[in-house]
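>>> Let's see this in three dimensions:
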Amino acid sequence: MGVAAPGGEVLPGSSPAVPDFPVLPPLTGVGVVAPYDFALDRELWRWCPEDVTLLATRLPVATPFVTIDSMAHVGEIAPVAAATQDVLTVHPQVMAFCCTSGSFVRGREGEHALVAAMLGAGAPAAVTTSGALLEALAHLHVSAVGVATPYVQEVTWALHDFLGTASHVVVSGSELGLDHEIWTLPYHVVAELIRRADHPQAEAIVVSCTNVPTYDLIAPLEAELGKPIITANQVTMWAALREIGLAAVGRGQRLLES
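The predicted model follows:
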């Protein structure tokens, strides 16, 4: 081998020293199909183990307002299948449809159809936010719930109906009446929304909408209220990672530690 000249450059005929680079682990990908207005990618990442990568795409833009009709548009089968195929280019191990209202607005049949669409497009496994919500409530053996939503009343009622078809009783609730820019909610407003949804008969509080930030609220509010706080982004990541044998990261969150 040659020697390095003064200043560090390698002399002609010499070979540079080869650094001892780390070996990259295999890619464990979670594909995410999100609505066009989804803004909380950073929060989803917080539930991921270090060796998991999120592979996200957006559905086509429509109205900026969250209504029954706009959420039915978000949950249309063809665009979800097409978005799934786009993400499958990089071989995720599971796909997640990351929208609560878009997956409950057509009831349980509509939720099942979204899963079937992702699987039919080639996904090796698939979950939706609303399906994950039901899975989490069953996992925790919860029947009676309080429901906190940012929505207008008609969208909130559609969620109540969806939960009812799975034999969950809504004993209390709170809503903000918002139909746009939900991602701008500060933590103190979300925390008060959750507190107002509590009731002595509620075994858990469900917090709907993947644009509602909740990661740092879950553990302290569970300690304060003495019951599980089940949130949209939490259950989405919990269920998606569970499908591939991994655990979501969230210290002190009852669902994840149950």
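>>> got the contact list for the lowest-mean-pLDDT helix or strand in the chain?
Here the helix or strand of the chain ranked lowest by mean pLDDT, DSSP states H and E is helix 68-74, holding a mean of 91. With Cβ atoms under 8 Å, 6 or more residues apart in numbering as the contact definition, helix 68-74 has outside contacts at 35-36, 59, 62-63, 99, 101-102, 105-106, 154-155, 158. To be clear about C-beta, it is placed using only N, CA and C from the backbone, and glycine gets the same treatment.
>>> now with 10 Å?
With contact meaning Cβ atoms under 10 Å, 6 or more residues apart in numbering, helix 68-74 is reached by 33-38, 59-60, 62-67, 79-80, 97, 99-106, 110, 151-152, 154-155, 157-158, 179-180.
>>> Of those residues, which belong to strands?
Secondary structure from DSSP state E places 33-34, 97 of those in strands.
>>> what are the ranges of the strands in the protein?
28-34, 52-58, 94-97, 126-128, 144-149, 169-175, 204-207, 229-231.
>>> Redo those as TSV? Include mean neighbour count and distance to residue 120.
Formatted as TSV, the strands of the chain follow (neighbours: other Cβ atoms under 10 Å; distance: least, Cβ to Cβ, whole Å):
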stretch	mean neighbour count	distance to residue 120
strand 28-34	25	14
strand 52-58	17	17
strand 94-97	29	11
strand 126-128	29	9
strand 144-149	25	30
strand 169-175	18	32
strand 204-207	28	29
strand 229-231	29	29
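>>> Specify the beta-bridge partners of the closest residue to residue 199 other than its chain neighbours.
Once flanking residues are discounted, residue 199 sits nearest to residue 172: 3.4 Å by Cβ to Cβ, 6 or more residues apart in numbering. For residue 172, the beta-bridge partners under DSSP bridges are residue 146.
>>> On the pLDDT front, check residue 172 for me.
Note for residue 172: predicted pLDDT of 98.
>>> same check, this time on the one 3 residues further on
At residue 175, the predicted lDDT confidence score is 98.
>>> So what's the residue count around residue 80?
26 (other Cβ atoms under 10 Å).
>>> wait, isn't it in contact with residue 119?
No: using Cβ atoms under 10 Å, residue 80 makes no contact with residue 119, being 11.2 Å away.
>>> which residues are common contacts for the two?
By Cβ under 10 Å, 6+ apart, the residues touching both residue 80 and residue 119 are 95, 126.
>>> circling back: out of the contacts of helix 68-74, which are buried?
Taking 16 or more other Cβ atoms under 10 Å as the criterion, what is buried in the contacts of helix 68-74 is 33-35, 37-38, 59, 62, 66-67, 79-80, 97, 99-106, 110, 151-152, 155, 157-158, 179.
>>> So which of those sit within helices?
Under the assignment DSSP state H, the buried ones among the contacts of helix 68-74 contribute 79-80, 100-104, 110, 155, 157-158 to helices.
>>> I'd like the average pLDDT over stretch 233-245.
The average of the pLDDT scores along stretch 233-245 is 98.
>>> Excluding covalently adjacent residues, which one is nearest to residue 99?
Residue 99 sits nearest to residue 35 (Cβ to Cβ, 6+ apart), 5.0 Å away.
>>> My read is that the one you found contacts residue 56, right?
No: assessed by Cβ under 10 Å, residue 35 is found out of contact with residue 56, at 11.2 Å.
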